[in-house]
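Engineer: My questions concern the predicted model and sequence given below.
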Amino acid sequence: MFRYAIVMTSRKTAYFGVLDSVNFSADLPDDDLAHRTLHATGAVMLQMILGGVNPVLSQTQAFDCAMFTGGLARMDRGSIAMMELVRSGQIQVRILDSAALLDDPADGRRFTLINAFRSALLQRDFRFSSWPELGGDMTLRAAIAEQLDRDPFGVDAVADGPLLHRLLGLIEFDRALRDSPVSERASVTSGASLADRVLGALANIRRNTAGGDTEVLTRLETRAAAGGDGRPFTRRSSWYALLDEYEEVASDAGDPSRLAQLGMVRGLVNAKYNGIVAESLNADGLDVEFADFKTAGIVAQAGVENLVGARATQVLEESEIEAWLTWSELPGILSDMRNLTAPQNRFRHLVSRYREHDIRRRADAIAKNQIWAHVGAVTVNATGTVVGGIVGLALGGDLVGTSIGSVVGTLGGVYANHMLDTQKQRGLRKAELRAQKEFDQLFTPVLGRGSIAYRIDHDA
């Protein structure tokens, strides 16, 4: 099973199945893609901050997960922060020593992210999730692969627009990895192959489905076991191609039951694939053995609950986490956390940062509502001016009267501004007190015997 007991004094590596690139397909609606990216980012960041985890990415996650390709393409503060974390080894990437990895890069360095990306570009059956321009255009893929090998920063000769921005971000990612003190090379696990694991799982499903329709599962087993059409079913792309073929037939026949079975198999392939990758990267597998993003997300959230408690997790979910826990803030937070060893203290420090954000947010809301205070101030100013004018007329309208009237009007304005400042300070104080009250009531960690804190304090 999955391990969430991370010893704080010795940072552990973890492979996150929730970052599988197939979860971030460019075909997803924008809202769904944004939600998945936000959820995955939050899970990774909280494990880094509270669990002392260094994420280990597979090569495919690194060059084909929208969370990274999209973030690095922006070249904003968040992009720079990501590269800082990579250079320091706090985010790591492993390149698998496999036959598919090209062995002739111009710079002589085989185990690099750029070479892994080049290798994928030249594999016709490799499916990109975050590079819609590279679908089936093998001419473009070959041109980019050659340019990246010969002159990476001259890639604008073969690409433009969003594609160019993502490529330039990937090149910077590769350079940051080369500067990292952590080795990028990894060996494929010597355990059961993807084909063996999937076929074994399908056989178990058939045996446990007494009287059910398992014809399509039997056909898939037969095709895969025979290595149909010479395709090696030790690769996920081969399974995808086979499932596409059967799904097209089921779709044309209008058979929802069969489509559901094939979808289950696709999820099973993803789960077994992620399990193998975690083993190969020699990292603890977090939320890997699950067939779909929703389930993996639930398990990732459960892991965070093990870190900080269910009540606190719920509040973190509801508190605009993307507005205050960002990539640009993460290096500074991790630096601060080096001074704290107890998970409870790490958590309270993190929440204190949220409280600062919450006070600012409330203050901004108060400032937006100050229009009514300004209306009140205008009323006082206008009254002061009228009274000043009346006083001036009553005194004969001469220079002395006008001067006195001006003084009265000015005093009215001073009083109005004082009233405005008083209201603002009162509102800010109320916002701070409310935020402090919520901090005390809702952000107290609930760390029981089965939590990460207990295991660290008593078993480390």
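Structural biologist: On my side now, so go ahead.
Engineer: for the strand or helix carrying Met82, packing partners?
Structural biologist: Using DSSP states H and E, Met82 falls within helix 77-87. Counting contacts by 3 or more CB pairs under 8 Å, 6 or more residues apart in numbering; DSSP states H and E, helix 77-87 is packed against helix 66-73, helix 161-179, helix 330-337. For the C-beta atoms, the positions are set from N, CA and C on the backbone; glycine is no exception.
Engineer: And the pLDDT for Pro105?
Structural biologist: You'll see Pro105 listed with a pLDDT of 92.
Engineer: One more: the one 5 residues further on?
Structural biologist: The score at Arg110 is 93. That number is its pLDDT.
Engineer: Enumerate every residue touching it.
Structural biologist: If a contact means CB atoms under 8 Å, 6 or more residues apart in numbering, then Arg110 has Leu101, Leu102, Asp103 as its contacts.
Engineer: by contact count, what packs against the helix or strand harbouring Ala260?
Structural biologist: Secondary structure assignment for Ala260, by DSSP H and E: helix 256-280. Judged by 3+ CB pairs under 8 Å, 6+ apart, helix 256-280 is in contact with strand 12-16, helix 194-207, helix 215-225, helix 236-252, strand 284-286.
Engineer: which one of the ones you listed is the most hemmed in?
Structural biologist: With neighbours taken as mean count of other CB atoms under 10 Å, the helices and strands packed on helix 256-280 reach their highest mean count in strand 12-16, at a mean of 23.
Engineer: buried stuff in the helix or strand following it?
Structural biologist: Of the helices and strands lying after strand 12-16 in sequence (DSSP H and E), the nearest is helix 30-51. Neighbour-count burial for helix 30-51 flags 33, 36-37, 39-51 (criterion: 16 or more other CB atoms under 10 Å).
Engineer: one step back: give me the residues contacting the helix holding Met82.
Structural biologist: Residues contacting helix 77-87 (CB under 8 Å, 6+ apart): 68, 71-73, 91-93, 169, 172-173, 176-177, 179-180, 326-331, 334.
Engineer: can you do 10 Å?
Structural biologist: By CB atoms under 10 Å, 6 or more residues apart in numbering, the residues outside helix 77-87 that reach it are 41, 48, 54-55, 57, 62, 67-68, 70-73, 75, 90-93, 113, 169, 172-182, 326-332, 334.
Engineer: For PyMOL, write the selection for the buried entries among these.
Structural biologist: Buried residues within the contacts of helix 77-87, by 16+ other CB under 10 Å, are selected in PyMOL with:
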select buried, resi 41+48+54+55+57+62+67+68+70+71+72+73+90+91+92+93+113+169+172+173+174+175+176+177+180+182+327+329+330+331+334
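Engineer: Pop out the phi and psi values for the residue lying closest to Leu168 once chain neighbours are set aside.
Structural biologist: Computed as CB to CB, 6 or more residues apart in numbering, the closest residue to Leu168 that is not its neighbour in sequence is Val155, at 7.0 Å. Per-residue torsions, Val155: phi -70, psi -10 (degrees, to the nearest 10).
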